[in-house]
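**Q** turn this into a model:
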Amino acid sequence: MPHATLSNITVHPLPRRLGSTYTIGAELRNANLESLTPSDEEIIKKALYENQVIIFKKQDSLTPFAQYNVTRLFDLVATSYGHGKTLDAKRSILHPDLKTIPHQPQVQVIGNGFVPEFEGLKDITLRHPHHKTFHKDVISEEDDRENTRFYRWHIDAALYDLEPPMVTSLLAVRVPKTEYQTLRYDDRTGDEVKVPRGSTVFVSGETMYDLLSEEDKKFARETKVQYAPHPYIWMSGARSRSTGLGMVSEGLELDAAQLPPIEQGKIKTLPMCWRNPVTGKLALQIHPSAVQKLVLKDGTMVGGLKEAREIVYRLQRPGIAPELVFPIDWEEGDFAIFNNRGVLHSVTGSFLPEEVRIFRQCNMAASQPVQGPEEAILDVMME
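**A** Residues are numbered from 1 along each chain as shown. Predicted coordinates for the structure are as follows:
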């Protein structure tokens, strides 16, 4: 049954995949996203932080400006794209994947295939990320159509200079509907999960935290993560684990002399656990690929890069178990918003060059730092 609200918007839990146990995801109905009332805005905010991922159907006519405004509901001071100039760095692993809409630079275009014209962009070729460009070992060519992997579990964040965005929004403009794929973990566990081809998948950082032992919860609450400077350039020569959850340590990261100039004050050291501003719950919220060091409560470092990665992997891996993975089965007109400070997400799947897929993505660097475990709950309903 839908929850009662103070406006026409109703909140409906999404049907779950058989055998799954994830608790995230809801559909919001009867929302006019081009013209929201204050009550509508409150309902959307509350629904997002209680469900982590919310979806509005049939939003084909939503303009980039309206997408920007809806995304800004969660941080009215934020105005600039969440990755800043990271996108423009030629060596960044993000560079080939996104195009900026000229008249709304906070909104990016992602997808696959050649697009003659879209939102002021002309003759663009979009590239759906494929795990063979990022993973150390890959699925064979003959198995690639029926099978896939998590490309890269991540948080949308520059992780250098800028604060992680509060939320990210995605609008499915054009979606080639095809068969399901088997998503393989390929980590000797035998784990796999069926996902719609090209699904964006999510896991809850709150569940990831709840699964920890009491000892590990204490460690996570007290430990901080220092991220590499210019992380998407730093990791450009390295390769990912087969689960997409962090990198293999082979000494292939770039050293400081190979990176753009580094300002020490812009290096990000963030809590391992981030607090939900509405429910107060803690999420184990770490971008595993960009981790460089772990900093203990007393300020000392935990080992080196390899040890830091192994610790983070041990803490996070239970939280991406097949039953905990929420895959969106995209349909054209679907508009999703997710709590970028409470979930991890990943691209999946592969598309042929002639299969055209178009999405619009929006997030903004936050105006406020992350809330750690020691911080009080802030009510986002209060202005």
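
**Q** how many neighbours does residue 172 have?
**A** Other residues near residue 172 number 23, with proximity taken as other CB atoms under 10 Å. Glycine gets a C-beta too; all of them are placed from N, C-alpha and C.

**Q** residue 82 now?
**A** 28.

**Q** and what of residue 50?
**A** By other CB under 10 Å, 18 other residues sit near residue 50.

**Q** ditto for residue 65
**A** Count around residue 65 with other CB under 10 Å applied: 14.

**Q** and what of the one 10 residues further on?
**A** Summarising burial for residue 75: neighbours were counted as other CB under 10 Å, giving 19.

**Q** ok, it - contacts?
**A** Contacts for residue 75 (CB atoms under 8 Å, 6 or more residues apart in numbering) come out as 165-167, 364, 366-368.

**Q** what's near enough to touch residue 25?
**A** By CB under 8 Å, 6+ apart, residue 25 lies in contact with 13-14, 16, 51-55, 202, 326.

**Q** again with residue 321
**A** residue 191.

**Q** one more time with 10 Å
**A** Residues in contact with residue 321 (CB atoms under 10 Å, 6 or more residues apart in numbering) are 20-22, 185, 189, 191, 193, 203, 207, 211.

**Q** nearest to residue 113 among those residues?
**A** Here the nearest of these to residue 113, counting by CB to CB, is residue 193; it sits at 26.1 Å.

**Q** for this structure, which helix or strand comes out least confident on mean pLDDT?
**A** Ranked by mean pLDDT, DSSP states H and E, the helix or strand of the chain with the weakest confidence is strand 99-100, at a mean of 91.

**Q** residue 125 touches residue 109, doesn't it?
**A** No - using CB atoms under 10 Å as the test, residue 125 is too far from residue 109 to be in contact (11.1 Å).

**Q** tell me, what's touching the two both at once?
**A** Counting by CB under 10 Å, 6+ apart, the residues touching both residue 125 and residue 109 are 99, 115.

**Q** ok, how many other residues are close to residue 296?
**A** Using other CB under 10 Å, residue 296 is surrounded by 12 other residues.

**Q** surely it is in contact with residue 220?
**A** No - between residue 296 and residue 220 there is no contact under CB under 10 Å: 11.7 Å.

**Q** hang on, the earlier thing: and residue 125 and residue 109? Which one has more around it.
**A** Taking other CB under 10 Å, residue 125 and residue 109 do not tie; residue 109 has more neighbours (20 against 12).

**Q** how close does that one sit to residue 98?
**A** Residue 109 sits 7 Å away from residue 98, going by CB to CB, to the nearest Å.

**Q** now the common contact residues for the two.
**A** 126, 361.
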